[in-house]
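Chemist: Dropping the sequence and predicted coords here.
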Amino acid sequence: MAAAVLKELERLLERLLRLGQGGSVDLGSLPLGSADRDALQTRLGRGEVEILLEAGGHSRLLETGLPGVWWVQHHDETGAPAAESLDVSWVPPIVPAHPDDVRAGLEGLKRKKDC
Amino acid sequence: MDRQDTLIDRLARHGVTRRAFLKYCATLASLMALPPAAARAMAEALAKAERPSVIWLSFQECTGCTESLTRSHTHGVEALILESLSLDYHHTLQAASGEAAERAREAAMKRHAGRYLLVVDGSIPVKDGGVYSTFAGISNLDLLLEAARDAAAVVAVGTCAAFGGLPAAKPNPTGAVPVAEIVRDKPLINVPGCPPIPEVITGVLAHWLVFRTPPALDRLGRPRAFYGDTVHDHCYRLPFYFQGKYAKSFDDEGARKGWCLYELGCKGPVTRNACARMKWNGATSFPVESGHGCLGCSEPGFWDAGGFYRPMS
Ligand code: SF4
C-alpha cells in the first residue's frame, strides 16, 4: 500500500511542476496498516516547516522530506482525529488567506482608521 | 442572491472561519469517499449555497431518527449547516401545530415546487385504506403521495422508512411498507439504521446541499460511502473471529477478554453500516465495543431474522 501511495505522490508532484496544481491523497480512505504508515513516514521523512492551525479544532500540517508534499492531520473540536491526507502543493490550500476575507479585513481596517 | 444570504456569511456571523469550513469539507469528503479534489469544490459550492427547503414527514416511527439527528450537533460547523436548512415542516421540531402547521407545509411545497427535499422517517401503513396512521384526517399514504409529487428527491431516514422496520415485522398488522414501494419516480436515498448514525444523516443532507444529486448508492438505495462495508469488516474483534475465539455467554472469560460475539448472535458479518468505523456519540463507541452483538438494524427484515441472540449458523 505504501508503494502505491508513493507512486501517486510522484504523479501529483509532476502535475504540480507542470500545471502549478497538485492534489491530495486521502489517507483516511486507504486500508493503511501501522506497518504501511511507518514505512510511509520513514520514506517521506521530515521537512523544515510545521504549521499549526486552530480552526474548528487543532490541525497540524507537516512538510515532509519531499518538498511540496505535506502530511496534514485535522482534529475536530473534541480533539478526535477528523481527516488525514498527504497534500501535494506549494503551500497547503487551507493556509493562504482567501481574497474575500482579505477584502473584508481591509474594509474593517479602513473603517477603524476613519473613526 | 443577497450576499448576506450565503452560507459562508451565515457561518462567519457564528464565528466559523473559512478555514474551519474548509476543514469540515475535507472531513466530509473523506467520510463520503469522494475524490480529495471534491473537498474544495464542496467548500466553494456550500459557501454559496442557497437555503434549501426541507419537508420532513414522520409516519409510523418512534421519533428515534429525529432524536439521533438532533444529537448530531457535536460538530459546530455541521450544526450550523444543518441550521441553514430551511426545515419548513417537521412534526417534532416545528413550532406551529394543527391547521397552521398543515398550511405552512402546503405553502412551502408550493413555493419550492420541484426543488424541496422530502425527508421521511417511519413506514407507511397501507392496509384498510391507510387508516392506521393519519394527520389532520389525511392518511400517511396520501400525504406521502402528495408531498413526493413536487419533491426534487426523497430521503428515507431510518429502517422503518427504508425497509419497513418494526411496523412491518410479522404479522405486520397495519400493512406497513417502505417509501420505495410508494415513491417510484423520484431519486430516493435510503438511510437505514434504527436509528441511523447522526453523522450519516447529516452527511447525506450536506451532499445533497452541495451536489443536488444523490451520492453513489448500492442496490438497496443506500449511500455506498456509509453502507459499502459490513460492521464485521471494521470490527476491532475481527482478529478473535479469525482465531476462532468466541464468547459463549455475556459473562464468561471470553466476554471479559473481548472475544468475538458471533456465537452470541452478532449480525455484524451481514450488516452493512458504518458503526464500527464512525462509531456513536461523538465517535465514543458502538454496540460491539459495549459488549453486545450487532443486531443488524440497517438491514431489511432485521426484526424477523431469527432472533438477536441466535448465532447465524
Ligand atoms: S463481534 Fe460481530 S462484527 Fe465483530 S468480529 Fe465478531 S462477528 Fe464480526
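Modeler: Structure received.

Chemist: Nearest to the ligand: which residue in chain B?
Modeler: Using C-beta to the nearest ligand atom, the point where chain B gets nearest to the ligand is B:Gly268, with a distance of 2.3 Å. In this view, the C-beta of every residue, glycine as well, is placed from N, C-alpha and C.

Chemist: Give me every residue in chain B lying close to chain A.
Modeler: B:8, B:16-24, B:26-27, B:29-31, B:33, B:36-37, B:40, B:74-77, B:282-283 (C-beta under 8 Å from any C-beta of the partner chain).

Chemist: Now go through those and say which are in helices.
Modeler: The helices, defined by DSSP state H, take in B:8, B:18-24, B:26-27, B:29-31, B:37, B:40, B:76-77 from the residues of chain B next to chain A.

Chemist: Show the buried residues in those.
Modeler: Those of those that meet the buried threshold are B:8, B:18-24, B:26-27, B:29-31, B:40, B:76-77, by 16 or more other C-beta atoms under 10 Å in any protein chain shown.

Chemist: Where is pLDDT lowest across the residues you listed?
Modeler: Within these, the minimum per-residue pLDDT falls on B:Gly76 (60).

Chemist: and A:Gly108, what are its phi and psi?
Modeler: Comment: the main-chain dihedrals of A:Gly108 come out as phi -60, psi -40, following degrees, to the nearest 10.

Chemist: B:Ala176 reaches B:Asn140, doesn't it?
Modeler: No: with contact defined as C-beta atoms under 8 Å, B:Ala176 and B:Asn140 do not form a contacting pair (9.6 Å).

Chemist: and for these two, which residues touch both?
Modeler: By the contact definition C-beta atoms under 8 Å, 6 or more residues apart in numbering or on different chains, B:Ala176 and B:Asn140 are jointly contacted by B:Gln60, B:Ile124, B:Pro125.

Chemist: which of those residues lies closest to chain A?
Modeler: Chain A has its nearest neighbour among the shared contacts of B:Ala176 and B:Asn140 in B:Gln60, at 35.2 Å by C-beta to the nearest C-beta.

Chemist: The closest one reaches B:Thr174, doesn't it?
Modeler: Yes: between B:Gln60 and B:Thr174 a contact is recorded at 6.8 Å, counting by C-beta under 8 Å.

Chemist: With neighbour numbers in mind, choose between these two.
Modeler: In this comparison of B:Gln60 against B:Thr174, neighbours counted by other C-beta atoms under 10 Å in any protein chain shown, the higher total goes to B:Gln60 at 22 against 19.

Chemist: State the pLDDT value of the more buried one.
Modeler: Value for B:Gln60, per-residue pLDDT: 94.

Chemist: Torsion angles phi and psi at it?
Modeler: For B:Gln60, the backbone dihedrals (degrees, to the nearest 10) come out as phi -80, psi 100.

Chemist: so what's it up against?
Modeler: When the contact criterion is C-beta under 8 Å, 6+ apart, the partners of B:Gln60 are B:Gly122, B:Ser123, B:Ile124, B:Pro125, B:Tyr132, B:Ser133, B:Asn140, B:Cys160, B:Pro167, B:Thr174, B:Ala176.

Chemist: Kindly report the same for B:Ala39.
Modeler: If you count contacts by C-beta under 8 Å, 6+ apart, B:Ala39 has them with B:Leu22, B:Cys25, B:Ala26, B:Leu28, B:Ala29, B:Ser30.

Chemist: 6 Å - rerun?
Modeler: With contact set as C-beta atoms under 6 Å, 6 or more residues apart in numbering or on different chains, B:Ala39 has these partners: B:Cys25, B:Ala26, B:Ala29.

Chemist: does the closest residue to chain B within chain A sit in a helix or strand, and which one?
Modeler: Taking C-beta to the nearest C-beta as the measure, chain A has A:Gly56 as its residue closest to chain B, at 3.2 Å. Per DSSP states H and E, A:Gly56 falls between elements, in no helix or strand.

Chemist: Around it, how many other residues sit close by?
Modeler: Here the neighbour count serves as a burial measure; for A:Gly56 (other C-beta under 10 Å) it reads 24.

Chemist: wait, doesn't it sit right on B:Lys23?
Modeler: Yes: between A:Gly56 and B:Lys23 there is a contact at 5.4 Å, judged by C-beta atoms under 6 Å.

Chemist: Can you get me a residue count around the residue lying closest to B:Trp280 once chain neighbours are set aside?
Modeler: Closest residue to B:Trp280 apart from its sequence neighbours, by C-beta to C-beta, 6 or more residues apart in numbering or on different chains: B:Phe286 at 5.5 Å. Using other C-beta under 10 Å, B:Phe286 has 24 other residues around it.

Chemist: Could you do A:Gly57 as well?
Modeler: A total of 22 residues lie near A:Gly57 under the criterion other C-beta under 10 Å.

Chemist: I'd assumed A:His75 was in contact with it.
Modeler: Yes: checked against C-beta under 6 Å, the pair A:Gly57 and A:His75 is within contact range at 4.6 Å.

Chemist: so what pLDDT did the closest residue to chain A within the stretch 201-313 of chain B get?
Modeler: Closest approach between the stretch 201-313 of chain B and chain A, counting by C-beta to the nearest C-beta: B:Ala283, at 5.3 Å. We have a pLDDT of 76 for B:Ala283.
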